[in-house]
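> What shape does this take:
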Amino acid sequence: DLTAFEQISFGWSSVFWLSVAVMCMFIRDLGYVIRIRVLSGDRLSWIKSIRIIFLWEFTSAVTPSAIGGTSLAILFVNKEGIKVGRSSAIVMATSFLDELYFILMFPIILLCVDSSGLWEMSGVSSGVSKSLIWFAVGGYSIKLVYLLILSYGLFKNPRGLKYLLMKCFKLKLLRKWRHSANEAGSDIIRNSYELRHMPFSFWLKTFGATFFSWTARYWVVNAILMAFFVLKDTDWATQFLIFARQLIMWIMMLIMPTPGGSGFAEYVFSTYCRDLIVVPQAMQLGAATLIALLWRGVTYYPYLAIGAIIFPRWIKRKFGKKNPSAVAG
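Numbers count the residues shown, from 1 in each chain. Below you'll find the model as predicted:
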């Protein structure tokens, strides 16, 4: 709806808040870089850590949200000089920290925010609202089950993970790598032992980096809304409500089969957040759709562009010629 553009006022305030949105994404990526470097025991340099994060984000952007870039992240870490077993342990630890953030924050949000603020949107039917609730519950359930399995394998029974790995490499297609898989399984057991005996300060730093990364990401929408529209209220309660809805949206996107949640992300944003924008009700959908595209323009599309540049070069450098074996992890 072209008339949605009439509701936009662009000035120096808009420039400031757009800069804040970009800065939030910078903080988010910085937190990821710090975390993976700490998990590697500083074996990964800053440049390698940055490259891994951008490759990881690129593959997350082009694969379904339910899969993400985790499956290829082990390869990225390994090819930057870390053994397969330790690479697996690092990636599993990052997944554990990410899921722990969601598992803790979702119930906190439900306790702190009134249910009507989370699920009742003006101009949205009760049927759509209920479907969004079920999407959120389904996504959270998947994350909870995954976290429990991951925690059991990483901290309680890493031998079970090795057993599962060896079962997979019994397949005819993978059988010739069975010996390497056995070594990788042994490395996972050893590195799992190391992770279990890491000091509290180690987990405090890595979870702190995780907390700031995800939290900064969800403040992006707050900054974009402040840049272009006047919110119904400018108090902290409204700002936190926007943040809360962002986190819940991300949980909903988990069960979407499209790459990066494309399509669904824009739809659910325009449905879920439009009532927070001060425009005539007939204009809310158009304005929210416009903001959804701006939001994805800051948080999603840049990784496609960056990945399209570095991913082919990385592939050529790592696989275009004989690559030395990864150094000891």
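
> Spit out the contact partners of the spatially closest residue to residue 22 that is not a sequence neighbour.
Counting by C-beta to C-beta, 6 or more residues apart in numbering, residue 298 is the residue found nearest to residue 22 once chain neighbours are left out, at 6.6 Å. C-betas here are computed from N, CA, C, even on glycine. Listed by C-beta atoms under 8 Å, 6 or more residues apart in numbering, the contact partners of residue 298 are 21, 22, 25, 220, 224.

> pretty sure the fourth one is touching residue 27, no?
No - with contact defined as C-beta atoms under 8 Å, residue 220 does not count as touching residue 27 (10.1 Å).

> Touching, residue 29 and residue 51? I think so.
No - when contacts are counted by C-beta under 8 Å, residue 29 is not listed as touching residue 51 (11.8 Å).

> for the stretch 1-150 of the chain, which spans come out with low pLDDT?
Low-confidence segments of the stretch 1-150 of the chain (pLDDT under 70): 1-10, 64-71, 120-126, 128.

> if we go to 80?
Along the stretch 1-150 of the chain, segments meeting pLDDT under 80 span 1-14, 61-72, 84-85, 88-89, 115-132, 135, 149-150.

> From residue 30, how far off is residue 141?
When distance is defined by C-beta to C-beta, to the nearest Å, residue 141 is 31 Å away from residue 30.

> Equivalent analysis for residue 92, please.
According to C-beta to C-beta, residue 92 stands 22 Å off from residue 30.

> of the two, who's got more company?
Each of residue 92 and residue 30 has its neighbours counted (other C-beta atoms under 10 Å); residue 92 has more, 24 against 16.

> where's the more buried one, which helix or strand?
According to DSSP states H and E, residue 92 maps onto helix 84-112.

> how about that helix: buried residues?
84-102, 105-106, 109 (16 or more other C-beta atoms under 10 Å).

> roughly how far is stretch 163-178 from the heart of the chain?
When distances are taken as C-alpha atoms, centre = their mean, to the nearest Å, stretch 163-178 is centred 30 Å away from the chain's centroid.

> Could you shift the numbering so residue one becomes 378, and keep it that way?
Shifting the count to begin at 378 puts that one at stretch 540-555.

> For it, the averaged confidence score.
For stretch 540-555, the mean pLDDT works out to 71.

> before we move on, what about stretch 630-646?
For stretch 630-646, mean pLDDT rounds to 62.

> Over to stretch 584-597?
In this model, stretch 584-597 carries a mean pLDDT of 90.

> So for that stretch, what gets flagged as buried?
Across stretch 584-597, burial judged by 16+ other C-beta under 10 Å covers 584, 586-597.

> what residues does that stretch touch?
For stretch 584-597, the surrounding residues in contact (C-beta under 8 Å, 6+ apart) are 398, 401-402, 404-409, 411-412, 415, 474-475, 477-478, 482, 620, 623-624, 627, 672, 675-676.

> Which ones among those map onto helices?
398, 401-402, 404-409, 411-412, 415, 474-475, 477-478, 482, 620, 623-624, 627, 672, 675-676 (DSSP state H).

> for the closest residue to residue 530 other than its chain neighbours, what are its contacts?
What sits nearest to residue 530 in space, not counting adjacent residues and going by C-beta to C-beta, 6+ apart, is residue 538, at 4.3 Å. Contacts here follow C-beta under 8 Å, 6+ apart; on that basis residue 538 touches 530, 531, 562, 565, 569.

> how much space is there between the last one and residue 690?
Spelled out, it's residue 569. Here residue 569 is placed at a distance of 33 Å from residue 690 (C-beta to C-beta).

> still on that earlier bit, any idea of the pLDDT on the residue nearest to residue 399?
With respect to pLDDT, residue 675 scores 84.

> And the one 10 residues further on, by the same measure?
Looking at residue 685, its pLDDT is 88.

> how about it, what does it touch?
Contacts for residue 685 were tallied using C-beta under 8 Å, 6+ apart; they are residue 435.

> how about 7 Å then?
Listed by C-beta atoms under 7 Å, 6 or more residues apart in numbering, residue 685 has no contact partners.

> distance of residue 408 from residue 619?
For residue 408 relative to residue 619 (C-beta to C-beta), the value is 21 Å.

> Which residue ranges of the stretch 578-706 of the chain form helices?
Under the criterion DSSP state H, counting those that start in this stretch, the stretch 578-706 of the chain contains helices at 613-630, 641-649, 658-676, 678-696.

> Adding distance to residue 574, write those out as JSON lines.
Converted to JSON lines, the helices of the stretch 578-706 of the chain look like this (distance: least, C-beta to C-beta, whole Å):
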{"stretch": "helix 613-630", "distance to residue 574": "32"}
{"stretch": "helix 641-649", "distance to residue 574": "40"}
{"stretch": "helix 658-676", "distance to residue 574": "36"}
{"stretch": "helix 678-696", "distance to residue 574": "32"}
